[in-house]
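**Q** the amino acid sequence is not available; the structure is as follows:
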DNA sequence: ATGGTTGCTTAGCAA
């Protein structure tokens, strides 16, 4: 089983690229973030033609998440369902092939000490509560998505330069800890303890050719899934060429 | 401190 996660930065702008990538990599499951379309405008038909059933939790202009799979996802949950009045659509979960899969888009946070950053930290606390409420560490669960946080210094090409950023601030990293402590493993990190693997490069200032990347797209899994992982990698090729997403897909393979 | 780029929406925001 091959499971992937990709922040496509608009599913409409990336539709051609997405379809070509699906044909090339043929994942069994793909979690999408930043689809930026309402479910009415989501390209269900085009994806079905290519062999994928999609479930989506989208909104206009911003955010939006989806799960694509070769077999229809079941037991679909949209949002954190914690009673908080939050219009931002950042999580969808479903059962796919015996694994509970969540596509997660953690808030970016803007600038440290801003309202957006407070929302980011609060959202991560709500995500932890959602995990604790809806799953157990001994059950197969995957959280895949754009966490907008690089967990380790070796996940950042220039850690000193990024330390004050919302993507690598100590308080943002600390907000991930409870997820790890609960029983989620950072699958790709465990396969690459030396680091140097990145999934996002800013569009500006030639960040990609300069190698100024961060690993902020994560696949977190409970032990029953993580123990089956034979390979985990970032498909950097998907960041190349004309008009790419600013993120590259993360892929894990399970025995 | 600012601006660099892309996407959505059409001036300005979010990333």
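**A** Here it is on my side, so go on. This is a predicted model, so every value here is computed, not measured.
**Q** isn't there a strand covering residue A:32?
**A** Yes. Membership of residue A:32 in a strand is supported by DSSP: H, G, I helix; E, B strand; the rest coil.
**Q** what sits against it?
**A** A:5, A:6, A:7, A:8, A:11, A:18, A:65, A:66, A:67, A:68, A:103 (C-beta atoms under 8 Å, 6 or more residues apart in numbering). (Each C-beta comes from the backbone N, C-alpha and C, glycine too.)
**Q** what about stretch A:77-84, how long is it end to end?
**A** One end of stretch A:77-84 sits 15 Å from the other (C-alpha to C-alpha, to the nearest Å).
**Q** distance check, the residue lying closest to residue A:139 once chain neighbours are set aside against residue A:229.
**A** Nearest-residue entry for residue A:139: residue A:222, 6.3 Å, with adjacent residues in sequence omitted and distances by C-beta to C-beta, 6 or more residues apart in numbering. Computed as C-beta to C-beta, to the nearest Å, the residue A:222 to residue A:229 distance reads 12 Å.
**Q** what does residue A:107 give?
**A** Taken as C-beta to C-beta, the span from residue A:107 to residue A:229 is 27 Å.
**Q** and residue A:69, by the same measure?
**A** Residue A:69 is 18 Å from residue A:229, by C-beta to C-beta.
**Q** kindly report the same for residue A:172.
**A** Residue A:172 is 25 Å from residue A:229, by C-beta to C-beta.
**Q** just residue A:102 next, same as before
**A** Applying C-beta to C-beta to residue A:102 and residue A:229 gives a distance of 17 Å.
**Q** then residue A:187?
**A** Taking C-beta to C-beta, one finds residue A:187 at 5 Å from residue A:229.
**Q** please apply the same query to residue A:168.
**A** For residue A:168 relative to residue A:229 (C-beta to C-beta), the value is 25 Å.
**Q** the more surrounded of the two?
**A** residue A:168 (24 against 19; other C-beta atoms under 10 Å).
**Q** now do that one, the pLDDT please.
**A** Predicted confidence (pLDDT) for residue A:168: 98.
**Q** again with residue A:131
**A** In this prediction residue A:131 is given a pLDDT of 98.
**Q** that older thread, joint contacts of residue A:187 and residue A:229?
**A** Contacts common to residue A:187 and residue A:229, judged by C-beta under 8 Å, 6+ apart, are A:221, A:252.
**Q** got the buried residues for stretch A:52-61?
**A** A:52, A:54, A:55, A:56, A:57, A:58, A:59 (16 or more other C-beta atoms under 10 Å).
**Q** from the stretch 1-150 of chain A, which residue is nearest to DNA strand B?
**A** Closest residue of the stretch 1-150 of chain A to DNA strand B, C-beta to the nearest atom of the strand: residue A:10 (3.1 Å).
**Q** now do the SS call for that residue.
**A** coil.
**Q** counting neighbours, what do you get for the closest residue to residue A:150 other than its chain neighbours?
**A** Computed as C-beta to C-beta, 6+ apart, the closest residue to residue A:150 that is not its neighbour in sequence is residue A:214, at 4.5 Å. For residue A:214, the neighbour count with other C-beta under 10 Å is 23.
**Q** just checking, residue A:214 touches residue A:161?
**A** No. In this structure, residue A:214 is not within contact of residue A:161 by C-beta atoms under 8 Å, at 10.5 Å.
**Q** which secondary structure element contains residue A:119?
**A** helix A:115-134 (DSSP states H and E).
**Q** list the buried ones in that helix?
**A** A:117, A:119, A:120, A:121, A:123, A:124, A:126, A:127, A:128, A:130, A:131.
**Q** skip the chain neighbours and tell me the closest residue to the fifth one.
**A** What it means is residue A:123. residue A:107 (5.2 Å).
**Q** now distance to residue A:77, neighbour count and secondary structure too, for the contacts of residue A:32, in CSV please.
**A** Below are the contacts of residue A:32 laid out as CSV (distance: C-beta to C-beta, whole Å; neighbours: other C-beta atoms under 10 Å; DSSP: H, G, I helix; E, B strand; the rest coil):
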residue, distance to residue A:77, neighbour count, secondary structure
A:5, 17, 29, strand
A:6, 21, 31, strand
A:7, 20, 27, strand
A:8, 21, 26, coil
A:11, 20, 24, coil
A:18, 23, 25, helix
A:65, 11, 28, strand
A:66, 13, 25, strand
A:67, 11, 26, strand
A:68, 16, 27, strand
A:103, 11, 31, strand
